[in-house]
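[1] I would like to see how this sequence folds:
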Amino acid sequence: MTFDYHDALAKGRVKGAHPGGFYLTKKLLKDVKLKKEMKVLDIGCGMGQTSLYLAETIGCHVVAVDKHPKMIENFRQHPDVQALPIEIVEADIEKLPFADEQFDLILSESVLAFTKLAQSLYEVKRVLKKDGIFICNEMCLQEPFEPAELSKFNSLYQIQEILTKEGWLTKLKNVGFQNLTVVEDRKMAEELSDYTNEEKIVDNAGTVIYSEEVEEILVEQSLLLIEYADNIGYIVIQATKG
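    As a prediction, this is how the structure comes out:
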């Protein structure tokens, strides 16, 4: 069995691997003005960093979903989970095990790009309540590069394409999302140069449990993002279900 990028995140117990890190997550959630009575779906929850924050600081009911069994196992072992309003579900977001229109807010942090996008977006829209909010933070192509260069990302992440800003907006519109707002749109070069903010450094810090195979993949990722820091970045889009 191949040991891949997501296996490395799970085995290394990486808390936050999404662009902008936990610092950006807190900023986005603050701007949404969450209420305790809201029901939130955290898709691709990983180690549960965002879900725990929502449950601890807001007290809203959080449903956390991930299809990687080791991620789910790690999250369930967190000492605070039992005392918080969090439901942890092992499931594929391309086929969510929930009835229609269940959630007031759905979050996706570096998840959709690794899925069959049309199906995942359909499922997100299906389980989102009318007038509910969807926020996605995903890898974005900022400057074009050659197919041979794209193959390096395919090899690391097992993805077939990296969408541009226009591509992401089109995909969301095609599924029927409305009121699309681009909240962030940054090159990795900008993100890397911005790490002088002390609060950002503290928020995004984390301990990784290294093994040879975990280190190999995470080093490969770091070098790739540095090499293509002007081509690759991320986009955060907020949308609603009309």
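
[2] Could you list which residues are in contact with residue 60?
    Taking C-beta atoms under 8 Å, 6 or more residues apart in numbering, we find residue 60 in contact with 34, 35, 36, 37, 38, 39, 40, 54, 85. No exception for glycine: its C-beta is placed from N, CA and C like everyone else's.

[3] Can you flag the buried ones in those?
    34, 38, 39, 40, 54, 85 (16 or more other C-beta atoms under 10 Å).

[4] Arrange these in JSON lines, one row each, with pLDDT, distance to residue 168 and secondary structure as further columns.
    Converted to JSON lines, these look like this (pLDDT from 0 to 100; distance: C-beta to C-beta, whole Å; DSSP: H, G, I helix; E, B strand; the rest coil):
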{"residue": "34", "pLDDT": "90", "distance to residue 168": "24", "secondary structure": "coil"}
{"residue": "38", "pLDDT": "95", "distance to residue 168": "25", "secondary structure": "coil"}
{"residue": "39", "pLDDT": "97", "distance to residue 168": "25", "secondary structure": "strand"}
{"residue": "40", "pLDDT": "98", "distance to residue 168": "22", "secondary structure": "strand"}
{"residue": "54", "pLDDT": "95", "distance to residue 168": "24", "secondary structure": "helix"}
{"residue": "85", "pLDDT": "96", "distance to residue 168": "31", "secondary structure": "coil"}
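
[5] Give me the neighbour count for residue 223.
    By the criterion of other C-beta atoms under 10 Å, residue 223 has 11 neighbours.

[6] Kindly apply the preceding question to residue 17 instead.
    19.

[7] Need the three-state assignment for it.
    coil (DSSP: H, G, I helix; E, B strand; the rest coil).

[8] pretty sure it is touching residue 6, no?
    No: the criterion here is C-beta atoms under 8 Å, and residue 17 misses it with residue 6 at 9.2 Å.
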